[in-house]
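[1] I need the structure of the sequence given here:
(4 chains)
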Amino acid sequence: MLSVLLASGVANGLLYGLVALGVVVLAKAANAFNFSQGDVMALGGFVSYAVIVTMGYGSVAALPIVVIVALFVGVLSYLLLRPLMDAQHAVALLTATIGLSFLVKGTIRLIWGRQGDYFAVPPLVSGPPIILFDGAVIIPLQHLVMSGGAVLMLALFALFFRFTRLGLFMRSVADNPRAARIVGIPTELVLCSAMVLSLVVSAVAGFLLAPATLIFPDMGFSLFLKGFAAAIIGGMMSLPGAVIGGVLLGVTEVLVSGYISSTAQELSAFVLIFVALIFFPRGLFGGRSSRSV
Amino acid sequence: MKLFSQIVGVMLMTTALAVPAFAQDVQGVSDTSIKIGTFGPITGANYAFGRLTMNGLETLFADVNAAGGVNGRTLELVRVDDQCDPAGAIAAVRKLIFDDQVFAIIGGSCSNGVMAAKEDIEQSGIPFVNFAAASNNISAPEIENIFTSMLTSNLESALQAQYLSDLGVKRVAVVAQHDAWGSDRHKTLLPALAEKGIEVAVDEELSMEANDATAQVLRVQGSGAEAVVLLSYPKPASIFLRDAARLGFTSSFIGTSVIPDPVAFDEQVAVPGATDNFVTISPSRYALDSAEAAEWLEKLTTKFPDDEPHTYNLYGITAGQLTVAALEQAGADLTQASFIAALEATSGLETTFAPGPLNCETHQCLQAAAWIKRTPEGKTEVVGLSTLD
Amino acid sequence: MAVPVQSIRSAWRSGSWVYPVAIAVVVALIGMTLNPYLLFLLTRVVIFSMLVAGLNVLMGYSGLLSFAHAALFGIGAYVTGLMQVHLGVPYPVALLTATVGVTGAGTLLVLPALRLSGIHLAIATLAVAQAVHWVLINWSAVTFGAGGFRAPSIAIFGLNATQSIFLTSLVLTTIGYLMVRQLVRTSFGRKFVAIRDNSVAAAANGVNVTATKTIAFALSAGCAGLAGGLYSALLGFVAPESFNLEQMILMKVMAVVGGLGTMLGSMIGPALVIFLQEQLRDSQGWLEIIFGAVLIGFVLFLPKGIAPLIYRVLAGKRTETVETGPRTGQKVGLSAPTDRAVEN
Amino acid sequence: MLDIRNVSLSFGALKVLNNASFSLGKGEVLGLIGPNGAGKTSMMNVITGIHRPQTGEIRLGGIDITTSKPHEIAERGLRRTFQTSLLCSGMSVVENVMLGLEPQPAYGFWGALVGSPKVRQWEEEARQKSMEMLDWMGMAAFADRPGSSLSFGQQRLVEIARALVSRPSVLLLDEPAVGLTAPRVDELAEKIVSIRTEFGTSILLIEHVMQLVFAACSRVVVMNAGEVIADGDPKTVTADPRVVESYLGRGYYAES
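    Below is the predicted model of the structure:
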């Protein structure tokens, strides 16, 4: 039982980790948070539904379209919120992203809301689950694809930040925005790419998640909350931390559900958020000093 | 003093607006029309229970109007969105009664909303037929002007327990979502099972947000339950069945009236064979894909081309047929009192979709349910009708 | 004009209680003539004004973001309703207990979180709110679970239930409004604004930042608790979905539209939002899009909300002080470069 | 008045203050100078409790304030200004100054809620005191303007008024001359000197503008790389080769 639980906890956790990646990218580069991330994740699911089910193309075609839509939404969001993207407007920005979240959700409902209540997206690959150790571990292919996709995204992110110019720019803006501006790093470009990147990774997470669940317009917020919890557990500033935080959250949820009570499952994320914020304000992996006021 | 006179002016104006114009003797009834109000979620997450049921009601009204109306009067439907929220439902009901001045209300989809508005409905004495909300507390204990044409949670629970008992099941697992609807069903199912001597092996929660039911499936699997009652909306139920299929857990699965279409549900589960042992209960004896529903399906899709047809449309049709029958019974000299009396006197009324004749003596008019399965060919099949022993 | 404009202006300026009370009396008289539907809406506006006034102390004046207010509002409603139902306590006692209890509970819940600021505080309060919601649903032995329960309504002076709760709410909200407005005009108000504009500088000037945050939170929790208690009697039915995150967002929209950090905004915001909500009752799915657009539009183009515009009309060209200054936590452009941040 | 003994502060591997010691005598105006990154502002943040040093001790009037919180230190009579002007934009100028009097309002929460006579009296007096202070700084004309509408230099003066209004025993000024023109700097120096004579306040002044340091300070402490490298009267210290090397640079004498 434990191994099965762990396997599904890890698969779900990696998805939370993907949302957390988006949270961390934006937090690092722009010191901002975007409530509409969860809704863009839902949008990713709906777009892949439209491509795969409504238009009848394969899953391979869905991914680039999901990314293109997310790029579009990301650039639009950036253009809209640009005046608020600095430290002084943090609260205003957060409030505006709540509005954005409503806009995205409302749009999803306007387009797909009348066609049914919950949509099923066919699995990316079909086939029997992988059974290991005489059935002690059963890994469905969809979980494997989800996990694989999440790990791949993480690897791409790591490479991006290490080896591309834009990635370097984003890192230096995160480390010291003032210095970065002085040495001529295009701050605007960095902020824009952070916003776009965080939404793209969310939409891809939606694309990966969609086949494993049923999609509906309101699905985004709780996923964003869990992604956020994962980011906090991971220290908010560390990319691997975000993914590990996600896995930790996913495993905690499934263990609480399996060994304590399924009623307590929903609570565990909130308790983790609170505990992490109070006792590990820098996360389990963060290392930034804090001031006393 | 000018300020004072301005204030008085504003007050007088407001009074003038607020006092209703008594142009007619019976609220909402003219020589040519009857104004009927309806409320429920038109938008938002629960729109299906509200808007789609309203679509059915309105389609039926259009049908009746096309045939000359009721005693020469056409039926006019006023829709108000309550957003499935208690305050919204109170506002909606008061708007219908005091602002739109409707003759009667046929509506209500979210139990908590209807419960919140119940006091207003009760006090105003307006005839009310609940068409989609399940809670037993809406219509019981009996209140003079409140009726329901929906399968109540008590009855549904009792019928489920009876069905399981007939199957010879001794131990069941319950998997429920803990929202207003789910906990209402849960609260009534447990005593109903106990009464039939059926033991609850495990009692699990699966929330709307869950994307994984591994833990729940494993616990149910380990409990030795012979059947599983899924007290949930299609989404959690699908997640459960998917995970059950992947973990190789087979059992009898019993659905609820919020999953009235096993074919659509099978498409949502999307795992071949996962719903083979799934039977669900429905307040409608024909599914949308049946020959009996074809005529209505066409009318619905013509009238509401943007909305996907749904079993909830049929509940609206049932409520509408009950309303029209009672209006006809009440005669040309229509009053709210005569309409209520006609509703109460309704007995043995055959409707197109209700699984049994409607008897409104107890104000809970529907006392039967259908059991529906998906055939291997992908059609719905009514496997039985049941009424309480 | 019989009443000289000058005297109205000076009355506004001095924070006199005469005008708010006069407005309340007019509202009361108008309210008594309204039909139950409109009176229900008006009472909602009045109750939400109390809540938003408290939220404004937190969000507007102190710059602290909280997502816990819908939950605190809910606790107020539940405590009031449940004490009457379970213990048979009279309404005023239940209401008072709820107010005091929510003040205490809100403060206790958030005390550990006050070490945090900005988004982290917001998320911590969000977690608290979700946890409270979970408890309301699952502690069914006491709370009656997700299905809610019928709460007693009240009757005073032989009036009907809606009129009674309307007058009660109006009186309490007016008193609450006057008290909070009085408070923000004293050193407490300056401390709130100081920790919002710059908590480091505030501390260096002797402001106990944690204590000030706690007071702001306690005060706004108290307002939420009292408003919740009134809401319980207004609805006559208490259920968890009246206090979920969507309601929280609605409260935020009210505060932003009215004008963060202005007391007048706390009254205008709820009125406008509830009016809009009613107008959109028969719209087909545009509600979310419109509210989303309104929120973004205000934050971007009218960050001070509507209240300052009204102040300008009411009081002529006025200088900006605690009552009318910029309140959204953003700084108005400094006349000198600001890139020399505090070294740390 | 203020004793800093062997204070060290580091952020991770970065050592910002290294065993630094100096003291500020009663009624003294002490200049703290050094190159960028020498740790001057960090020193000020350590003194005012914003950062807690890893080692060492800070005493104010003989009382250990090393672990005190910023507001407690302020209440003990130590006030400061900031490098970037930090008036609260949401308040008028006079309200900003009144903030300096906040720790000791003679009324509590309940009094403030109901607006008791005591509250009104205190508020009236506080406004009076603040207006006097603004007047003294020559800023009374701006009293009702929003804090953010003032020029940078004007905000600086208001900030000093805010720090002074509670008559602190020690005042820390962090680069008050930034962005001021030369005649303004002279005015500021005069003000600083008269703060000492008029209120008896001891002043620690961090400054790059040597014009101000020479005009106002009786003694100078020089820091470099987190260490105190010189301590003495301005002329002597600025002649110290180590100081010239590390901070003032060759061009210094040529400029002045």
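[2] tell me the buried residues in the one helix or strand residue D:196 maps to?
    Per DSSP states H and E, residue D:196 falls inside helix D:182-199. For helix D:182-199, a neighbour-count test (16 or more other C-beta atoms under 10 Å in any protein chain shown) marks D:185, D:188-189, D:191-193, D:195-196, D:199 as buried. The C-beta positions use only the backbone N, C-alpha and C, and glycine is treated the same way.
[3] now that helix: mean pLDDT?
    For helix D:182-199, the mean pLDDT works out to 83.
[4] what helices or strands is it leaning on?
    With contacts defined as 3 or more C-beta pairs under 8 Å, 6 or more residues apart in numbering or on different chains; DSSP states H and E, helix D:182-199 has these neighbours: strand D:29-33, helix D:152-164, strand D:202-206, helix D:210-216.
[5] between these, which one is nearest to residue B:349?
    Comparing the helices and strands packed on helix D:182-199 against residue B:349 with C-beta to C-beta, the closest turns out to be helix D:152-164 (81.1 Å).
[6] ok, the next helix or strand after that closest one: who's next to it in the sheet?
    Downstream of helix D:152-164, the next assigned helix or strand under DSSP H and E is strand D:170-174. Sheet pairing for strand D:170-174, assigned by DSSP bridges, gives strand D:78-80 (parallel), strand D:202-206 (parallel).
[7] need the contact list for the spatially most central residue of chain B.
    Closest residue to the average C-alpha location of chain B: residue B:132 at 1.6 Å, with C-alpha atoms, centre = their mean. In this structure, residue B:132 makes contact with B:40, B:49-50, B:53, B:107-109, B:150, B:312, B:315-316, judged by C-beta atoms under 8 Å, 6 or more residues apart in numbering or on different chains.
[8] per-residue confidence for residue 82?
    Chain wasn't specified; assuming chain A. With respect to pLDDT, residue A:82 has a value of 85.
[9] think we crossed wires, I meant chain C
    pLDDT, read off for residue C:82, is 91.
[10] I'd say it and residue C:141 touch.
    No - Residue C:82 lies out of contact with residue C:141 (C-beta atoms under 8 Å); the separation is 11.1 Å.
[11] pick out whichever of those two has more residues nearby.
    Taking neighbours as other C-beta atoms under 10 Å in any protein chain shown, residue C:82 and residue C:141 compare with residue C:82 leading, 20 against 7.
[12] secondary structure element holding that one?
    Using DSSP H and E, residue C:82 maps to helix C:69-82.
[13] after that helix, which helix or strand is next?
    helix C:91-110.
[14] that next one vs chain A: in contact?
    No - shown here: helix C:91-110 not in contact with chain A (C-beta under 8 Å from any C-beta of the partner chain), separated by at least 9.4 Å.
[15] buried ones in that helix, by neighbour count?
    The neighbour-count check on helix C:91-110 (16+ other C-beta under 10 Å) flags C:91, C:94-95, C:97-99, C:101-103, C:105-107, C:109-110 as buried.
[16] ok, stretch A:57-73 next?
    Residues A:59, A:62-63, A:65-67, A:69-70, A:73 are the ones in stretch A:57-73 that count as buried (16+ other C-beta under 10 Å).
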